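Peer 1: pasted the sequence and its predicted model underneath.
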Amino acid sequence: MNFNSHTDAVVAVAAALVNRLTPGEAHGRPYTPPPPGPDRRATVTDALRAGHRGSREVTDAEAAELSRVAAELRVVFDAVETGDLDTAARQVNRVLDRTQARPHLERHDGEPWHLHFHGGGGTLGDDWAAGCASGLAIVLGGDLYDRLGVCTASHCDRVYVDVSRNGTRRFCSTTCQNRVKTAAFRARASRP
């Protein structure tokens, strides 16, 4: 299941930014994003490459800006998970307004013309925030908004985008899925 290639890419980046740059729990353990410096720069660069392999290394200032963007985007995933689409839509609109997202057709990397959204601020963070918010707006404005989710495993609040054919994903990763299955197996096995 694909929204379209560019929407898939920016929504994947949105999920990667949220997962790597927002605190909470991951795979049964507390999660704290890396502090400013080389580890955060590498983490942010890796998150951007989730949707665009050719992304360059980010600077400290860009990493800080994208960390703030991740916090904004987290609100969208959390709201969709609780069924509060009004909050999700309002948050997406806030980011679109803040970044002055504007459509622009581009062709690069041997791809055909496709739609990009750039921010009016001219920064890397604004451009990614505009693109991610636009991608999330496309998802929220369609029938597949429930493809955005938060992991249902205990002690994990990492997010995901369900691109499976049947739309039944419940976990952020195979790790969490296996944790839940193992716990259920042990619970059954311990019953008399």
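Peer 2: Sure, I can see it. Numbering: from 1, shown residues only.

Peer 1: list the contacts of the helix or strand bottoming out on mean pLDDT in the chain.
Peer 2: Every helix and strand of the chain was ranked by mean pLDDT, DSSP states H and E. The lowest is strand 114-118, at a mean of 81. In this structure, residues lying in contact with strand 114-118 by CB atoms under 8 Å, 6 or more residues apart in numbering are 4-6, 10, 101-107, 126-127, 130-131, 133-135. For every residue, glycine as well, the C-beta is placed using N, CA and C.

Peer 1: which strand or helix spans Ser134?
Peer 2: Secondary structure from DSSP states H and E places Ser134 in helix 124-140.

Peer 1: could you check the angle strand 114-118 makes with that helix?
Peer 2: Relative orientation of helix 124-140 versus strand 114-118 (axes from the mean of the first three to the mean of the last three CA atoms, to 10 degrees): 130 degrees.

Peer 1: which elements pack onto helix 124-140?
Peer 2: helix 5-21, helix 60-81, helix 85-99, strand 114-118, strand 148-150 (3 or more CB pairs under 8 Å, 6 or more residues apart in numbering; DSSP states H and E).

Peer 1: which of the ones you listed has the lowest mean pLDDT?
Peer 2: Among these, strand 114-118 has the lowest mean pLDDT, at a mean of 81.
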